[in-house]
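Engineer: Whatever this is, show me its structure:
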Amino acid sequence: MSGADDFAHTATAYFHDLQGRLCAAFEAFEPQSRFTARRWSKPAGHRLQGGGESRLMRGSVFEKVGVNVSHVWGVFSPEARGQVAGADASDGRFTACGISLVAHMTNPYVPAVHMNLRYLRTSRDWFGGGSDLTPTFLFEEDTTEFHAALRAACDSYRADAYAEYKAWCDRYFYLPHRQEPRGVGGIFFDDLASSDLQADFAFVRQVGEALLAVYPRLVARRKDTPYDERAREQLLLKRGRYVEFNLVYDRGTRFGFSTDADPEAYLMSLPPVVKW
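Structural biologist: A predicted model of the protein is given here:
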């Protein structure tokens, strides 16, 4: 797995670079708040090796935003092997790295956003990830601009990628027990393994760059919109749906539980205040 290890280091270096640029862009909205960084790692001899860096900020615009990077390797637990593409039941060894971002906003008119990009080596190399937007109050302008940025990233990869990954996102970020979508969608892809590893990775990077370009524009547009307690109440109830999805359906959360990674990292997506 030396080649996979080399590529994992390359991918992790990009994820760390993107993490730094995302945090700087978000801190620009917060003159009195900064991200705090926390490194975590697993001890020698543990089934899971490696670690990561979690960055978290609580401010006046970003009520809670986390941007985490991890690079781990080891052996899947038996319950994890059936959940992960390419997991070899007889071996179970894997390498994984990725970046995860979730932003919960103070102002109900600023949409929450999520992005995850990851590289895994199981019995083969593959990528997964995507990004989606969850507004409490719908603004077609914001939805259109967000999707246009992701479409451009997909178009740089192949002509039909946006239609495929948008539809996948709509299916994935859906709460069956509520019979409603989590938000206004975006793109989602998994088990991405073409014959060109570098082209796949270039696409993954384009998704990251698209989020970095478009989301700060949406924040700047909506952050000063006046709101009242009724609007804030709507936001807290919407967050309840977000929590339901992430704890029941989200693959990243389930992957974290099954690999015994850092709980604070894979539960970073949960909002600071929520109502049902």
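Engineer: Could you list the low-confidence segments of the protein?
Structural biologist: 1-5, 78-91, 256, 258-262 (pLDDT under 70).
Engineer: Would you map the strands across this protein?
Structural biologist: Taking DSSP state E, the strands of the chain run over residues 36-41, 48-57, 62-75, 93-105, 112-121, 125-134, 174-175, 180-181, 185-192.
Engineer: Just send these back as TSV, with distance to F146 and mean neighbour count too.
Structural biologist: Every C-beta, even on glycine, is put in place using the N, C-alpha and C of the backbone. TSV is the format used below for these (distance: least, C-beta to C-beta, whole Å; neighbours: other C-beta atoms under 10 Å):
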stretch	distance to F146	mean neighbour count
strand 36-41	28	12
strand 48-57	21	20
strand 62-75	17	22
strand 93-105	13	24
strand 112-121	8	24
strand 125-134	5	23
strand 174-175	18	15
strand 180-181	14	14
strand 185-192	7	22
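Engineer: So W168 is in contact with G186, correct?
Structural biologist: No: counting by C-beta atoms under 8 Å, W168 does not reach G186; the two are 10.2 Å apart.
Engineer: can you list residues touching both of the two?
Structural biologist: By C-beta atoms under 8 Å, 6 or more residues apart in numbering, W168 and G186 have these common neighbours: G130.
Engineer: just to revisit the earlier point, adding distance to A159, write the strands of the chain out as TSV.
Structural biologist: Shown next, in TSV, are the strands of the chain (distance: least, C-beta to C-beta, whole Å):
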stretch	distance to A159
strand 36-41	40
strand 48-57	35
strand 62-75	31
strand 93-105	26
strand 112-121	22
strand 125-134	18
strand 174-175	26
strand 180-181	26
strand 185-192	14
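Engineer: And the ones you listed: which comes nearest A8?
Structural biologist: strand 93-105 (5.0 Å; C-beta to C-beta).
Engineer: what packs against that closest one?
Structural biologist: Using 3 or more C-beta pairs under 8 Å, 6 or more residues apart in numbering; DSSP states H and E, the elements in contact with strand 93-105 are helix 2-27, strand 62-75, strand 112-121, helix 197-222.
Engineer: need the contact list for S131.
Structural biologist: Contacts of S131 by C-beta under 8 Å, 6+ apart are 113-116, 150, 186-187, 207, 210-211.
Engineer: Likewise for A202?
Structural biologist: 156-157.
Engineer: Quick check: the gap between it and R21.
Structural biologist: 17 Å (C-beta to C-beta, to the nearest Å).
Engineer: just F137 next, same as before
Structural biologist: Taking C-beta to C-beta, one finds F137 at 28 Å from R21.
Engineer: ok, now G74?
Structural biologist: G74 is 29 Å from R21, by C-beta to C-beta.
Engineer: Ok, L120 next?
Structural biologist: 24 Å.
Engineer: Bridge partners for M57, pull those for me.
Structural biologist: Under DSSP bridges, the beta-bridge partners of M57 are V65.
Engineer: May I ask you to confirm that it is in contact with E27?
Structural biologist: Yes: between M57 and E27 a contact is recorded at 7.1 Å, counting by C-beta under 8 Å.
Engineer: what sits in contact with each of those two?
Structural biologist: Contacts common to M57 and E27, judged by C-beta under 8 Å, 6+ apart, are 33-35.
Engineer: Just the closest of those to F94, please.
Structural biologist: F35 (28.8 Å).
Engineer: give me phi/psi at the closest one?
Structural biologist: Phi and psi for F35, reported as degrees, to the nearest 10, are phi -70, psi 140.
Engineer: and L56, what does it touch?
Structural biologist: 35-36, 38, 64-66, 268.
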